[in-house]
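K.L.:
Quick one, structure for this:
(chains A, B and C)
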Amino acid sequence: MPELPEVETIRRDLQRHAVGRRIEDFIIRWPRTFVGTAAAAAKLRGKEIERIDRRGKYLLLRLSGGTTLSLHLRMSGRLRAAPAATAVLDHERARVLLDDGAAIVFTDPRKFGRIAPLSSAAASRLDASLGIEPLDPGFSATALRRSLAGTRRAVKSVLLDQARIAGIGNIYADEALHAAGIHPAAPAGALSEEEIARLAAAIPTVLSAAIRHRGTTFQMYRDGQGKKGRYAYRLMVYGRGGLPCRRCGTELSSTRLGQRTTVWCSSCQPRSAARRSQAPSRPAAKAPRSRRPGHSKS
DNA sequence: CTCTTAACCTGGACGC
DNA sequence: TGCGTCCAGGTTAAGA
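P.N.:
Numbers count the residues shown, from 1 in each chain, chains lettered A, B, ... in the order given. The predicted structure follows:
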């Protein structure tokens, strides 16, 4: 459920409570949540949380001694700060006790979320497996073009591909494409320079606005304080299939694209109008599939 | 390479 | 109220 803006909101919330604190104990309530042995979990004790980073949808606790504790919330995970004495919460899967009497509690009804201790080498591999960060200074139309190049897959599916661009999920993929006026099924590698430029502008704009509103709460998501995000009120398309477009009034279309519900405005996001000027350039019988830099899988 | 399906899981919404 | 069905913000493995 949580995408980049939600994870970033949680990161900022936890940062205040946890950075500089030492881990007194790490309690696992649901074994599969923790990727590693009990001994590996025990080794977390005594380590200091030096920094909390985010990479895509991963939260990365940088611990003293070079270990990184990675947390991924998947669909229903929540992280929140609470007094260590707080009774076990519903669906609680893990809890980190800090040396100041506070705790970070991980709850996750669907049990998809994962917490894993990573060596610095493993952390590097994780980093390398993810695509560009849409809110980093290095993000640009040029960088986005590189990320979308070399594939005819639907642009929305490519936006969801964490190895190409990190942090975007189903909500913000639809929102960004609407903001950019691009049809979700448009082949990613065939977007015009103008479309790329619009998308490169729309993505950070949408994500930043969502962060300002502390994320989108549809059902499950809560921030690091246990509160709902307010961006749901500002969504233009996600969850609004059949309702009028907030920009032009046209009834929003909804379909399944790559197994994901996809909502768009047929008027603001025309299927092909914006691509007419591109040279037809037939599918190149056997174009050498040169791998784009930055997508290395490991 | 790309697409599809199934898994992993539970809870909420909705129809009857 | 209760039951069945479908859906969900994510990711990965396997098969066509």
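
K.L.:
Contacts only, for the closest residue to DNA strand B within the stretch 1-150 of chain A.
P.N.:
Residue nearest to DNA strand B within the stretch 1-150 of chain A: residue A:110 (3.5 Å; C-beta to the nearest atom of the strand). Heads up, the C-betas are built off the backbone N, CA and C, glycines and all. Taking C-beta atoms under 8 Å, 6 or more residues apart in numbering, we find residue A:110 in contact with A:74-76.

K.L.:
now swap in residue A:63 and tell me
P.N.:
A:23, A:44, A:47-50, A:69.

K.L.:
Spell out which parts of the stretch 1-150 of chain A neighbour DNA strand B.
P.N.:
Neighbours of DNA strand B within the stretch 1-150 of chain A, by C-beta under 7 Å from any atom of the strand: A:32, A:75-76, A:91, A:109-112, A:150.

K.L.:
farthest pair in the contacts of residue A:63?
P.N.:
A:44 and A:50 (13.3 Å; C-beta to C-beta).

K.L.:
and those two? which has more neighbours close in?
P.N.:
More neighbours surround residue A:44 than the other of residue A:44 and residue A:50, with 22 against 13 (other C-beta atoms under 10 Å).

K.L.:
Touching, that one and residue A:67? I think so.
P.N.:
Yes - under the criterion of C-beta atoms under 8 Å, residue A:44 makes contact with residue A:67 at 7.4 Å.

K.L.:
Find the residues that touch each one of these two.
P.N.:
Residues within reach of residue A:44 and of residue A:67 at once, by C-beta under 8 Å, 6+ apart, are residue A:117.

K.L.:
Which element, helix or strand, includes residue A:6?
P.N.:
helix A:4-18 (DSSP states H and E).

K.L.:
partners of the helix or strand following that helix, with directions?
P.N.:
With elements assigned by DSSP H and E, the helix or strand that comes after helix A:4-18 is strand A:23-28. Here strand A:23-28 has these sheet partners by DSSP bridges: strand A:92-98 (antiparallel).

K.L.:
now the angle between helix A:4-18 and the strand it pairs with, please.
P.N.:
Relative orientation of strand A:92-98 versus helix A:4-18 (axes from the mean of the first three to the mean of the last three C-alpha atoms, to 10 degrees): 40 degrees.

K.L.:
quick check: angle from the helix or strand following strand A:92-98 to strand A:23-28?
P.N.:
Next in sequence after strand A:92-98, counting helices and strands by DSSP H and E, comes strand A:102-107. With the same axes, to 10 degrees as the basis, strand A:102-107 and strand A:23-28 are set at 20 degrees to each other.

K.L.:
any residues touching strand A:102-107, and which ones?
P.N.:
Strand A:102-107 is contacted by residues A:14, A:17-18, A:21, A:33, A:71, A:77-84, A:86, A:89-98, A:113, A:115 when judged by C-beta under 8 Å, 6+ apart.

K.L.:
for chain A, what spans make up the strands?
P.N.:
Applying DSSP state E to chain A gives strands spanning A:23-28, A:49-55, A:58-63, A:68-72, A:78-83, A:92-98, A:102-107, A:114-118, A:253-257, A:260-264.

K.L.:
Do any residues in the second one lie close to DNA strand C?
P.N.:
Put plainly, it is strand A:49-55. No - judged by C-beta under 7 Å from any atom of the strand, strand A:49-55 stays clear of DNA strand C, getting no closer than 10.2 Å.

K.L.:
Adjacent strands (with direction) for that strand?
P.N.:
For strand A:49-55, pairing defined by DSSP bridges yields strand A:58-63 (antiparallel).

K.L.:
how far does the strand it pairs with sit from the chain's center?
P.N.:
In terms of C-alpha atoms, centre = their mean, to the nearest Å, the gap separating the centre of strand A:58-63 from the centre of its chain is 15 Å.

K.L.:
What average pLDDT does it get?
P.N.:
Averaging pLDDT along strand A:58-63 yields 98.

K.L.:
Pick out the most distant pair among the residues of the stretch 1-150 of chain A next to DNA strand B.
P.N.:
Greatest spatial distance in these: A:91 and A:150, 41.3 Å, computed using C-beta to C-beta.

K.L.:
all helices for chain A, in order.
P.N.:
With helices called from DSSP state H, chain A shows them at A:4-18, A:38-42, A:120-129, A:141-148, A:155-159, A:170-180, A:193-212.

K.L.:
Now the last one: buried residues?
P.N.:
Across helix A:193-212, burial judged by 16 or more other C-beta atoms under 10 Å covers A:195-204, A:206-207, A:210-211.

K.L.:
how much does it deviate in direction from helix A:4-18?
P.N.:
Angle between the axes of helix A:193-212 and helix A:4-18 is 40 degrees (criterion: the same axes, to 10 degrees).
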